[in-house]
Every structure is written in C-alpha cells, then in structure tokens.
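>>> What follows is a predicted structure for the sequence shown.
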Amino acid sequence: MKKHITHYTAFIVMAALLLTGCEKGFFDNAPKDLQTIEMVFQNKLEAENWLSGVYNRLPDVWADGSVTGRGLAELSDELELNAPSIIGAGNLSSQSGINVYTSYYQAIRLANIFMANIDNSKTNLLKEPNGEELIRQYTGEARFLRANYYWMLIKLYGPVVLVGDRVAGVDDNFQLPRNTWSECINYILAEMEAAKALVPEKHVVPSSGEDDLSQTGRITKLIIEAVQSQVRLYDASPLFNGNSDFTSFRNTDGGALMNLTANPAKWAEAAQAAKAAIDHAEDMGKKLYKVTNNDPFLAAVNSVRGLFLTGWSDEGIWIRTVTGYSVWEEHSAPRAANGTKTVAVLSVPQEMVDRYRMYNGKNIEEDDSEYEEDGFTATAKTGFYVAGTSNMYMKREPRFYANITFNGSTVPFVPKTGITRVEFWPTGNSGNANGSQTMYPKTGYLVRKNTNVGRNLQSNAGNVVRPAMYIRLAELYLNYAEALNESDPGNADVLKYLNAVRTRAGIPVVNAGPDQAAIRKLIQRERCIELAYEGHRFFDVRRWKIVNQPEGRQAGEFHGMNVFTGTSLGDPAYYERTRTSTRIWYDRYNLLPLPQSEVNKNFKMVQTMGY
C-alpha cells in the first residue's frame, strides 16, 4: 500500500488516454502510435501533439454531462432536469461522487512529462529557426495548464496534494498528505506568474505578424492574468477566507487545511488583479460586445444574443474553439422547433426565472416594479411572444427574452410549418401530451441562452459554428466590481463596471447611494443573470456562503408552471406555481468528496470534511 499502484503503468495509461480525442482542433488533438517518451520528444509534431493532450482535459462548458461545464448548472439552481441531481437528491458521497479528480491529475502528469522532456537536445524543435522560442512558449503553456488543473481541483475538492515538477516513478512514495489551501493558492499563483513570463502576448503568423487564428485558445499573458483574477477573487471570498466551519478539516497530523482567520487584504489583491486584467484586455482591443439599434430594447437583446454567436471575438478572453453547443441547442429545443432533435430537457426552475429583473431595472418583488402575475396581454411583440401571453412575462429585462423560452414565446429555432409560438400546456405543441410525451420541460421553461434562432434542427441549415468562452470581459468587470466593493466600498469604479454590464443588458444604471451590503446583493444578482449557465453559479453561491439564504437557496421546494393542467394559452390553471422538486442540502456539499478509492490508497490523505 506504500505505492500508488496506478503509477506502475502510468505511461501506458497516459498514452492510451491521449488517443481519445475525437474532433480536430488544438483542444482535441492527440499523439498517435506512441512508443517511448524519447521517440515522442525527438519529433516536433508528436511533441506538439503531446502538449495538445495537456489541453485535452479542459472541460467543454456547453457539453452534455461535462461535470465542470453544463453539468455544474445541473447541480445548482440554474436547471431543473427530469431526474434529481446527485446533490439535489442528497446522494452525494465518496462512493458516488463527481470524479474529475483522476482526469485532472492525469493532465498534471502529462504536463510534468512534457516539461521534463521538451528541451531534449535531440528534439526536432531545436532545428526550427525559432526553436528555442518555441520550447520556451510550450513550457509556459504546460506550466500554466498544470497550475490551472490544480485550480479546478481545489475549487471542487478543497486542498489537494501538490506533486511538484518531478515525474513520479514506480519506486516513489505516494503516501502524501493534502497541502493546505494557502499552499495550493500560493503555488497556483506563483506557477501562473512564472508561466506568464514564458508565453507570448499573442500568437501571430511569423511571416506576417498577423494574428494566427489557428492558435485561438492557446495560452497568452492575458489569459493567465484573467485566470489569476478568478483565483484571487475566490481566495478572498467567505467560504475560503476565515471560515470557522472548516475548523475540523485537518490533516492526519492535526494541521488545519483551510484558512480559519479572515484576511480582508485579499479583497484588495483581488481587485488589483481584476483591474490589471481588464486594462490589459482593453489594451488588446477587447470590449463588451454591443449591437446598435434605434430601439434600445432590441439593441440589448441582440447584443446578449449575438455575444455567443459572433460577439466572442470582441469579448472573449480565453476561448475554446471546439464546443458541444449543438447538443446544448438540441436539449434546449421544444417540439415546436422543426426536426426530430428536440430533446427539451433543459428546464429552468421558477426561482431562476424570477431573478430576471423588469425592464425598468427593478426586481419583480419590488413595489414599483410593474410586474403583474395575473392576466394576459392583448398585444404581440414580434420576435418575442404572441398576443394572449401571460402578463408575468411582460416588461422583463432583455436578457429574459434572450435566455428563457416560456409559454407563448416565439420558437427559439426555425419552427415547424404553421407554428408561431411555443405551447407547454398538456395538449400544446410542446407539452407532455397528457403523460404520453417525455420531451417537455417539467417547469414550463427552457433555456434559450446560447441558441441560434436561425438554426433548422431538421437540416442544420442556418447553423452558426462558434466557440465557447472560458472567460470573457464581462466576468472581469464583475470580478472587479465585487472585489472593490468589499475592499473599498464607495469607490466610483464599483458602479462604473457594474453599470457597464447592466447597460449593455438594457437595464438602467445604479446611481450612487446604496450601501455596501445593497451593492453586494446587486452584484450577486448580476452575476447570476449575466453569467448564467457559464459555470459560475455553482461556485458563487458556495463561496458567498448564501446557500441557505433566499437569493442563493439550494434546498427545499423548487417550482414551475403547472404543465399537467390547462387547455389553452390563456388558461389560468396552467400558471399556478407548482412544486416540481424538493432538494436536499448538507453543508458538506460546499466541497466535493474525493473518490474513496484515492483515499484508500493513501493513508495520509484525509477525506473532504463531512464525507
């Protein structure tokens, strides 16, 4: 038991795993016919493919079932699927957990092997005119990616074992304790900073100096600064910064694994890091994507819709060129859409729907919001909803119409012939057909975000191929606003950057006046809406420690429309708020359990607290 048995065949396993890429692109390439490390790193192409294999473990944020992509939305209050999630059902344990732990450590090992061998004097890279520069760049990429995999690990599992640079052999001692949270954070930030000195400002075509679009997504200095902003923001947050709930989370020697004493200075460091990344991004020409229109409402809707179709080139900081958006669209499609790929499972709970503001910027629960629960509109809004639609969907902020498909809304894709609206009541064109149909949203709402109204799901005509954004400028703006509000409340930049996101979304600015606590809630709701389904909500409600508060509640009853009742668009029975699930929450769910098999192999590794 002193040896981690899987390392005896580590190289064979790594080589086999590298062969699993199935799509072309830098994130998915893999070396072929590998035999020995020496042979790989004598060949430029195979060395580059090995580096591609390090990228290969990065999650696809829109892919079906990706634990750190769409899967995080399924594990939080952003989605309400037909079957309860492992967390919502209260079944998360070390035996039935969420395991990306193994995959990320495999990527870390691949990075270590790469860095240990890339400067091999026999490599063909040295024969290139810029060979030494390439080796330097590739080393920086691998070094950052290794640090980023550690970052993704500790966000999910808390502190982990830092294995260092050495490529472990079969005779190594793998009985190692977890490093502390602070040790992990300091290592991650230091490694990212070291990598930043090695990677380029941007990837260019050597012969022309123009941007090399074929290298989109490969690491640059700006990408590293953007991720550092996220690391510092999380590290400053209440879950990780002075949280006495973790008092008993200790190593076998009794040493505390988490920070038990708050350090308020971390908020200032997070603000500084976010502002540095913003300034760098804007110097590189990045900006919030905006579409102009004489109608401010249409300008806002088209801006937030177009952001994911074409606007990523303006706003995207770190981009993944290959993404499973097509599955996302199919799972967001009601049966009113043309074609047979209308899966309709990405239901949105009423609680998430209710977080969208009104067009005047007010929350629906505010007295002067103009929100109406009862009655139906006599007027259609072309491109958005038909006459007879419920008043509860009127006068909502532009992101509501870009992100949510509701009863009476226009079809989010090319519709079937003769269909002008979505109908979710039982006998409607997208309903449950009185129990005989399974492809319908259990809450009466489907996600519309990151879908293309011009796509025909039958022929794929009108499809817009687009990448995914790991980090975009709006996130950096909200990172900065949040950290600055905590470290320097009243600073004019707080509202400047918060309002930049709000005005692009078509809602009024926040004027000076609200206190720090009120601004904090505004920022938290803004992140919930603006960054929905992009992999943030799962972490945000935890790091803010609001899972037991109304604005971040993860337990209890969740609701939707009564999709089993009603006979027409204007039938009030359909619009009765109805319980669709009851979720369970345990405080141990703030962090995930390690796979028990890993703990069983390592007597010095403690399981995550509470499991």
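Received the coordinates, thanks.

>>> just the strands in the protein please.
Secondary structure of the chain, counting by DSSP state E: strands at 316-320, 404-405, 446-447, 468-472, 556-560, 578-583.

>>> which residues are contacting the longest one?
What that stands for is strand 578-583. 80, 84, 87-89, 347, 349-350, 442-443, 554-563 (Cβ atoms under 8 Å, 6 or more residues apart in numbering). In this view, the C-beta of every residue, glycine as well, is placed from N, C-alpha and C.

>>> Only the buried subset of those, as a PyMOL command please.
To isolate the buried ones among the contacts of strand 578-583 in PyMOL, judged by 16 or more other Cβ atoms under 10 Å, type:
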select buried, resi 80+84+87+88+347+349+350+442+443+554+555+558+559+560+561+562+563
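
>>> can you put the strands of the chain in JSON lines and add distance to residue 512 and mean pLDDT?
Shown next, in JSON lines, are the strands of the chain (distance: least, Cβ to Cβ, whole Å; pLDDT from 0 to 100):
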{"stretch": "strand 316-320", "distance to residue 512": "29", "mean pLDDT": "96"}
{"stretch": "strand 404-405", "distance to residue 512": "31", "mean pLDDT": "98"}
{"stretch": "strand 446-447", "distance to residue 512": "35", "mean pLDDT": "98"}
{"stretch": "strand 468-472", "distance to residue 512": "27", "mean pLDDT": "96"}
{"stretch": "strand 556-560", "distance to residue 512": "36", "mean pLDDT": "98"}
{"stretch": "strand 578-583", "distance to residue 512": "38", "mean pLDDT": "97"}
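
>>> Distance to residue 180 for the ones you listed - can I get that in a markdown table?
Output for these, formatted as a markdown table (distance: least, Cβ to Cβ, whole Å):
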| stretch | distance to residue 180 |
| --- | --- |
| strand 316-320 | 28 |
| strand 404-405 | 42 |
| strand 446-447 | 39 |
| strand 468-472 | 27 |
| strand 556-560 | 34 |
| strand 578-583 | 32 |
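
>>> give the contact list for the residue lying closest to residue 407 once chain neighbours are set aside.
Counting by Cβ to Cβ, 6 or more residues apart in numbering, residue 407 lies nearest to residue 424, which is 4.7 Å off, once chain neighbours are set aside. Applying Cβ under 8 Å, 6+ apart, we find residue 424 in contact with 334, 406, 407, 430, 431, 440, 441, 444, 561, 563, 574.

>>> of those residues, closest to residue 283?
The closest of the contacts of residue 424 to residue 283 turns out to be residue 406 (Cβ to Cβ; 41.1 Å).

>>> so where's this structure uncertain?
1-35, 65-69, 121-122 (pLDDT under 70).

>>> Geometrically speaking, which residue is the centre of it?
residue 535 (2.0 Å; Cα atoms, centre = their mean).

>>> how near is that residue to residue 86?
18 Å (Cβ to Cβ, to the nearest Å).

>>> Report how many residues lie close to the residue lying closest to residue 590 once chain neighbours are set aside.
With Cβ to Cβ, 6+ apart as the criterion, residue 590 has its nearest non-adjacent residue at 5.0 Å, and that residue is residue 542. Residue 542 sits with 22 neighbouring residues when counted by other Cβ atoms under 10 Å.

>>> ok, now which ones touch residue 358?
By Cβ under 8 Å, 6+ apart, the neighbours of residue 358 are 364, 369, 370, 371, 395, 396, 397.

>>> Just the buried ones from these?
Here, 16+ other Cβ under 10 Å leaves 364, 369, 371, 395, 396, 397 buried among the contacts of residue 358.

>>> and which of these is nearest residue 110?
Nearest member of the buried ones among the contacts of residue 358 to residue 110, counting by Cβ to Cβ, is residue 397, at 44.1 Å.

>>> Please report phi then psi for the residue nearest to the closest one when sequence neighbours are not counted.
Closest residue in space to residue 397, ignoring its immediate chain neighbours: residue 357 at 4.6 Å, by Cβ to Cβ, 6+ apart. Taking degrees, to the nearest 10, you get phi -80, psi 180 for the backbone angles of residue 357.

>>> residue boundaries of the helices in the stretch 501-611 of the chain?
With DSSP state H, counting those that start in this stretch as the criterion, the stretch 501-611 of the chain has helices at 516-530, 537-543, 596-601.

>>> The stretch 101-250 of the chain too?
Remark: helices assigned in the stretch 101-250 of the chain by DSSP H, counting those that start in this stretch are 101-117, 131-157, 181-196, 221-236.

>>> ok, and for the longest one, which residues are buried?
This points to helix 131-157. 134-157.

>>> Over to the third one?
Within helix 181-196, the residues that qualify as buried by neighbour count (16+ other Cβ under 10 Å) are 181, 182, 184, 185, 187, 188, 189, 191, 192, 195, 196.

>>> Please report how far the nearest residue to the fifth one once chain neighbours are set aside lies from residue 149.
Excluding its sequence neighbours, the residue lying closest to residue 187 (Cβ to Cβ, 6+ apart) is residue 162, at 5.5 Å. Between residue 162 and residue 149 the distance is 11 Å, computed by Cβ to Cβ.

>>> Contact partners for the residue nearest to residue 305 when sequence neighbours are not counted?
Nearest non-adjacent residue to residue 305, counting by Cβ to Cβ, 6+ apart: residue 402, 4.8 Å away. Residue 402 is in contact with 301, 304, 305, 448, 449, counting by Cβ under 8 Å, 6+ apart.
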